[in-house]
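Novice: mind folding the following:
(chains A and B)
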Amino acid sequence: MQTRLSKIAAIGLAALMAGVGAVHAENIVVTGVSSFKLIEDLLPEFEEQSGIDVDLQILPYPQLRQNSMADLVGGTANSDVYMQDITWLGEWATNGYVRPLDDLIERDSAEVDLDDILPGAFDSLSKWDGKTWSMPFGAYYFLMYYRSDLFDKAGIAPPKTFADITAAADKLTDPSANLWGIAMPYRRGTPIASWFLATYTGAGGRLLPDAPQDFTPSLDTPLALDTLTAYLKWLEDAPSGAIDYHWNDQTVAMQTGRIAMAGTFSINGTEFAKPDVSLVSDAIGYTYMPVAKEGDPNTIPFGGWAVAINANTDKVEPAWKFIKWVSSPDVQRRLGALNGTPMRSSAMSDPDLQKMYPWLPFILDAEEAGIVYPDYRPRYPFYPKVEEALGLELNRAALGEITAEEALSNAQSEIKKIISDAGYPVKG
Amino acid sequence: MPVSDTTLAGSSASRPSFQGIGIARATYWWFLAPATTLAVLLVILPLVALIVMTFLRWNLTESPIPAFAGVDNYLRLFADGAFWASVGRTLVFTAESIILQLALGIAIAVLFNRDWFGMGVIRALFLAPMMVAPIFAGMIWRLLFSDDFGLIRYVILLLGFEQAPLWLGDPNIALQAVIIVNVWQWTAFVVLFILAGLQVISPDLYEAATIDGAGPWTRFWKITIPLLSPIIIAVIIFRAIDAMKVLDIVYVLTAGGPGNSTETVSYRVYQTGITFFELGYASTMALFVLLTVFVMAYLLLLAGRKRS
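Specialist: Numbers count the residues shown, from 1 in each chain, chains lettered A, B, ... in the order given. As a prediction, this is how the structure comes out:
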């Protein structure tokens, strides 16, 4: 009796193990930020198709940065796949922290279908020194969103220049109705630094115009001063709390109908257009970021996320399978419906998506015209320090502690020092 | 009455053999081993590593391999004006927080030191802020302080004021806002300690003083405060150590701003070490904080001993 039982138990255990083996032959750890959480619902589909078990780790941005650095620098593979912010590309590629993907892309070219990936997004997020280090996941384009209903009612044309924005903001501000012309982030650090640089880039400025030969920043130029003067002027027509605004506060202010204009990334524009979270979803207009004077060429600052394979992992094939899946046209189209930031032409051209997020064709045209600029936040390892120094000086100017000229002059010399201390040539 | 062998001093039978002493010593070390191992792993090794790192140039964004930097990090520290400004700000934060927490904590503890109905429940509820993780406390208060949706602004306007302060956007107020959150969260800790102290003060002392004609104020200053002083000093030490390290609520509430009005020394260490990955310089700053806290705690202990 006992022998029989043992045999049954052994057969059962073997069957169970075989079953487990068949369903989940491999497993990988994938780590990303909250925007990656959207794939959670689609993951079971991938796991069933591929037999690969995915352990998805979602972390806040600073923790992703810390964990990935500890893992990549330490030569370990606690996570096989990492989400890569656009500004980390240079650092990860130069130090070989992630695995180049060119051989895999070439092998599976039909499946990857590079021609369908938006060229600006692909070059900016994944290409460094002629190699491909990641695959784009989400493409964020910086636009000026505005309340089309308010603009129509007031008979104002979509703004093109700094002066247009200032005039429209003045005209539309009505404190008694708790309505304000514009709000940009002014909080110290990344919020003000990143949004100011996007505004500067949108107007044609380039923080490091001569890199990589010469890393002298351009904050001492008249355009930088014009941009900052306008950016600070807009504070007069912003809610009083805007001095402490993070971009999340700006998003909420737009969603709740308290501001008439918000320059921001398309990922946040998506939130303006969703009827379930926005009071103004049916009245969202969009245009380029303003230029200094009419006729100046437009630029769309670009940011976004890619997915990369940890150079230390030996699970390259399952990791690559996951990346191919998450960047596939089908998944990009389905995710695009949720976040409005697909990186494939096919998804951007999808009529359903274009109906939900009407600026998608506008972005496609900009991609075709080649006016998407990825380095508005330079993709070099020293960037976080640059952002901190710039963010502090700009915030002090917004507080009225120093003038716009002083802020730019201080930031210019601090950034020169930061870059030169990091070992890059600063000739100016 | 039977007497055990060990009590027979001088008796040759009671004297342990050399072998016995050896075993006793070995046992002694075995008992100490777990605590010693933990101390070495958790305190001494990290401390030694911290000190070693202060002599390295180790920037993870440049190279994963550290280079010997001599005393460069120390020289940089002494010349770093922003760092010293953050030290000054942290000292202001610490002093103000402790004074407010002590004043409120003692007052509330005296109030709670009565056998009123339901006091047990109130005391337990009063500990709630302490149980909230500081990062969440910061998030809750960020909403409360918000100029767009904040409850505090709403109440101030409801009271008839025309304007509410920009709690987190005004450099003259932001540090006070961070102090308010710290006081809200940790006053309960002071209450807990003081209440325990109050409950061991003999009522006879108050009775005798009352008979001698001492009023409530005199009894408070001449009996309560002197007898509580060892506890007050212990509380100051605990709170000072904690306040000097403040990072989480600053991180969530203000990120060091507006301007640099709330940039504390720990926030600066965090930025340098974890955001910029300059491990050598961040370690030097962290060592300075450690030494400051150590000296401060030692001086307070010394003051406590002198007083007692």
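Novice: quick one: contacts for B:L60?
Specialist: Listed by C-beta atoms under 8 Å, 6 or more residues apart in numbering or on different chains, the contact partners of B:L60 are A:69, A:73, B:277, B:279. All C-beta spots, glycine's among them, are computed from the backbone N, C-alpha and C.
Novice: in three-state terms, label whatever residue of the stretch 51-200 of chain B ends up closest to chain A for me.
Specialist: Residue of the stretch 51-200 of chain B nearest chain A, by C-beta to the nearest C-beta: B:D147 (2.8 Å). Secondary structure assignment for B:D147 (DSSP: H, G, I helix; E, B strand; the rest coil): coil.
Novice: from memory it sits against B:R153, does it?
Specialist: Yes. Using C-beta atoms under 8 Å, B:D147 is in contact with B:R153, at 6.0 Å.
Novice: list the residues that contact both of these two?
Specialist: The contact sets of B:D147 and B:R153 overlap at B:A164 (C-beta under 8 Å, 6+ apart).
Novice: re the thing from before, who wins for neighbours among the contacts of B:L60?
Specialist: Counting neighbours by other C-beta atoms under 10 Å in any protein chain shown, B:F277 comes out on top of the contacts of B:L60 with 22 neighbours.
Novice: how about it, phi and psi?
Specialist: As for B:F277, its main-chain torsions (degrees, to the nearest 10) stand at phi 60, psi 30.
Novice: can you list the buried residues in the helix or strand containing A:A366?
Specialist: Assessed by DSSP states H and E, A:A366 sits inside helix A:360-369. By 16 or more other C-beta atoms under 10 Å in any protein chain shown, the buried positions in helix A:360-369 come out as A:360, A:362-363, A:366-367.
Novice: and stretch A:201-221, by the same measure?
Specialist: A:201-208, A:211, A:215-221.
Novice: any chance of the contacts of B:L60 in TSV, plus pLDDT and secondary structure?
Specialist: What follows is the contacts of B:L60, written out as TSV (pLDDT from 0 to 100; DSSP: H, G, I helix; E, B strand; the rest coil):
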residue	pLDDT	secondary structure
A:M69	90	helix
A:V73	88	helix
B:F277	89	coil
B:L279	93	helix
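Novice: okay, B:G118: pLDDT?
Specialist: Predicted confidence (pLDDT) for B:G118: 81.
Novice: now B:R15
Specialist: Looking at B:R15, its pLDDT is 61.
Novice: B:G304 - how many residues pack around it?
Specialist: Neighbourhood size, B:G304 [other C-beta under 10 Å]: 17.
Novice: cool, and A:G74?
Specialist: With other C-beta under 10 Å as criterion, A:G74 counts 12.
Novice: residues in contact with it?
Specialist: A:G74 makes contact with B:P64 under the criterion C-beta under 8 Å, 6+ apart.
Novice: equivalent analysis for B:F193, please.
Specialist: The contact partners of B:F193, taken as C-beta under 8 Å, 6+ apart, are B:105, B:231, B:234-235.
Novice: now the stretch 251-400 of chain A, which segments are flagged as low pLDDT?
Specialist: Within the stretch 251-400 of chain A, no stretch has pLDDT under 70.
Novice: all helices of it, in order?
Specialist: For the stretch 251-400 of chain A, the helices defined by DSSP state H, counting those that start in this stretch occupy A:266-273, A:316-326, A:329-339, A:345-348, A:351-356, A:360-369, A:383-399.
Novice: in chain B, which ranges drop under the pLDDT threshold?
Specialist: Using pLDDT under 70, the flagged stretches of chain B are B:1-21, B:307-308.
Novice: which bits of it sit near chain A?
Specialist: B:60-64, B:146-148, B:166, B:168-171, B:254-260, B:271, B:274-277 (C-beta under 8 Å from any C-beta of the partner chain).
Novice: and the buried residues of stretch A:201-221 near chain B, which?
Specialist: Of the buried residues of stretch A:201-221, not one also sits near chain B (C-beta under 8 Å from any C-beta).
Novice: and those residues, which is closest to chain B?
Specialist: Minimum distance to chain B across those is 14.7 Å, recorded for A:F215 (C-beta to the nearest C-beta).
Novice: quick check: the residue of the stretch 251-400 of chain A nearest chain B.
Specialist: Closest contact between the stretch 251-400 of chain A and chain B, by C-beta to the nearest C-beta, is at A:P381 (3.7 Å).
Novice: ok, of the contacts of B:F193, which one's closest to chain A?
Specialist: Closest to chain A, out of all of the contacts of B:F193 and judged by C-beta to the nearest C-beta, is B:G105, at 30.3 Å.
Novice: burial count for the closest one?
Specialist: Around B:G105 sit 25 other residues, with neighbours defined as other C-beta under 10 Å.
Novice: roughly how far does the closest residue to B:P134 other than its chain neighbours sit from A:R65?
Specialist: Distances taken as C-beta to C-beta, 6 or more residues apart in numbering or on different chains place B:D248 nearest to B:P134, at 4.0 Å, with adjacent residues excluded. B:D248 is 18 Å from A:R65, where distance means C-beta to C-beta, to the nearest Å.
Novice: can you check B:A82 too?
Specialist: For B:A82, the distance to A:R65 (C-beta to C-beta) stands at 22 Å.
Novice: isn't B:Q199 right next to B:R114, touching?
Specialist: No. Between B:Q199 and B:R114 there is no contact under C-beta under 8 Å: 11.0 Å.
Novice: quickly list what's touching both of those two.
Specialist: Common neighbours of B:Q199 and B:R114 (C-beta under 8 Å, 6+ apart) do not exist.
Novice: tell me the least confident of the buried residues of stretch A:201-221?
Specialist: Lowest in pLDDT among the buried residues of stretch A:201-221 is A:A211, which has 90.
Novice: tell me which residues touch that one, please.
Specialist: Here A:A211 is in contact with A:375, A:378, A:380, A:424 (criterion: C-beta under 8 Å, 6+ apart).
Novice: the last one touches A:F215, doesn't it?
Specialist: Read it as A:Y424. Yes. Using C-beta under 8 Å, A:Y424 is in contact with A:F215, at 4.5 Å.
Novice: does A:P209 belong to a helix, a strand or coil?
Specialist: Criterion first, three-state DSSP; result for A:P209: coil.
Novice: number of nearby residues for A:K127?
Specialist: Residues lying near A:K127 (other C-beta under 10 Å) number 17.
Novice: thinking again about what came up before, now, among the buried residues of helix A:360-369, which is nearest to A:Y140?
Specialist: Using C-beta to C-beta, A:I363 comes nearest to A:Y140 of those, at 10.0 Å.
Novice: find the nearest non-adjacent residue to the closest one, please.
Specialist: In space, A:I363 is closest to A:Y141, 5.1 Å off (C-beta to C-beta, 6+ apart).
Novice: who does whichever strand or helix holds that neighbour pair up with?
Specialist: Here A:Y141 sits within strand A:135-147, counting by DSSP H and E. The pairing partners recorded for strand A:135-147 under DSSP bridges are strand A:259-265 (antiparallel), strand A:284-287 (antiparallel), strand A:300-309 (antiparallel).
Novice: save those as a markdown table, and put in mean neighbour count too.
Specialist: Output for the strands paired with strand A:135-147, formatted as a markdown table (neighbours: other C-beta atoms under 10 Å in any protein chain shown):
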| stretch | mean neighbour count |
| --- | --- |
| strand A:259-265 | 27 |
| strand A:284-287 | 20 |
| strand A:300-309 | 26 |
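Novice: could you give me the buried positions within the host helix or strand of B:L302?
Specialist: Following DSSP H and E, one finds B:L302 within helix B:279-307. For helix B:279-307, burial by neighbour count (16+ other C-beta under 10 Å) applies to B:279-289, B:293, B:296-297, B:300, B:304.
Novice: great, nothing more from me.
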